[in-house]
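# Turn this into a model:
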Amino acid sequence: MRTVISACLAVLVITGSAVAQKKAWTEWTKKDVEKTLNDSAWGQTQTEGGSSSTPSNDTAITQVAAQRSADRQLSSRQGESGETKAVPYVKYHVRFLSAKPVREAFARQVLLSRSEPDENLTAQLQGFINGNFADYIVISVGVEVGDAKMAGPIMAAFTNATAEALKQNVYLERKDGKKLFLEEYRAPVQDGMGAKFIFKRALDGQPFLGENDNVRFVAQFNEKMKVNTRYKLSDMQYDGKLEY
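Here you go, the predicted model:
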């Protein structure tokens, strides 16, 4: 598993929607990518505070990216007096990274950032997409902030967290109330995907999730920071296969 995650990071450092899955990932539009990552069966957005009127740039929380996101949002808000006004909101983008369509969306995002086609890069990204997640469920959480003052504390919470500290406060919960607790945690790095929460797929020798389950992801860092998103497994069919 460590090899798989490391490979993912190495590839992306180089840089679900129903509609998207009808065509090759290399043909996805920016809209397809954003839909899959932020508003699909595999990717959802939890917003707290005032929402932004500007399109989401899908910024994962890293020291550089978080500040750039804040700067963009600050510059987009002007009062009548001409003074810049910050928008105090936080967006948590929560995705099943172990699901193929999410990896395809991240890969396409990388290609769209290039001005010219790159066959070698495309081949590398295809390797990332084809990665084996048979034993693990991986949830990635990226963050956007609307006020630069908010970036520091949020960044610190993600960066300083450890699997041991989070173990009892991060879990997947089925509709029957059964919980699967965190196995490993990877703090954000410069890969555009945010923090990564890793769970074993099996519990007591059986798959924890089935296609008829509803599941929610919960991650509580402190009293003020809690991510809570819900997913329906029956909606997570992709190319004739359950992907999560």
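# Tell me how far Gly131 lies from Ala161.
As judged by C-beta to C-beta, to the nearest Å, Gly131 and Ala161 stand 24 Å apart. In this view, the C-beta of every residue, glycine as well, is placed from N, C-alpha and C.
# cool, and Lys232?
Taking C-beta to C-beta as the measure, Lys232 falls 28 Å from Ala161.
# Now Val90: which helix or strand?
strand 89-96 (DSSP states H and E).
# Please compute how far that strand lies from its chain's middle.
7 Å (C-alpha atoms, centre = their mean, to the nearest Å).
# Dump the strand ranked longest in the chain to CSV, keeping only the CA atoms.
Of all segments of type strand in the chain, defined using DSSP state E, the longest is strand 136-145. Output of strand 136-145 as CSV, limited to C-alpha atoms (Å, rounded to 0.1, in the frame of the first residue of the first chain):
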residue,chain,number,x,y,z
TYR,A,136,-7.7,-0.4,1.1
ILE,A,137,-10.2,2.4,0.9
VAL,A,138,-8.5,5.8,0.6
ILE,A,139,-10.3,9.1,1.2
SER,A,140,-8.7,12.4,0.2
VAL,A,141,-9.6,15.7,1.7
GLY,A,142,-8.7,19.0,0.0
VAL,A,143,-9.6,22.4,1.4
GLU,A,144,-10.4,25.9,0.1
VAL,A,145,-10.5,28.9,2.3
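# before we move on, the earlier item: of Gly131 and Ala161, which one has the most company?
In terms of neighbours (other C-beta atoms under 10 Å), Ala161 is the more surrounded of Gly131 and Ala161; the figures are 22 against 18.
# How much space separates the more buried one from Gln220?
Distance of Ala161 to Gln220, computed by C-beta to C-beta: 11 Å.
# what's around the residue nearest to Leu182 when sequence neighbours are not counted, how many residues?
Of all residues not flanking Leu182 in the chain, Val170 sits nearest, at 4.1 Å (C-beta to C-beta, 6 or more residues apart in numbering). When neighbours are counted by other C-beta under 10 Å, Val170 registers 23.
# what's near enough to touch Val170?
Applying C-beta atoms under 8 Å, 6 or more residues apart in numbering, we find Val170 in contact with Phe181, Leu182, Tyr185, Phe197, Val218, Ala219, Gln220.
# In PyMOL, how would I select just the buried ones from those?
Filtering the contacts of Val170 down to the buried ones (16 or more other C-beta atoms under 10 Å) takes a single PyMOL command:
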select buried, resi 182+185+197+219
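# For the contacts of Val170, name the two members farthest from one another.
Tyr185 and Val218 (13.9 Å; C-beta to C-beta).
# Show me where the chain dips below the pLDDT cut-off.
The chain contains residues with pLDDT under 70 at 1-21, 51-86.
# could you redo the last one with a cut-off of 80?
1-22, 50-87 (pLDDT under 80).
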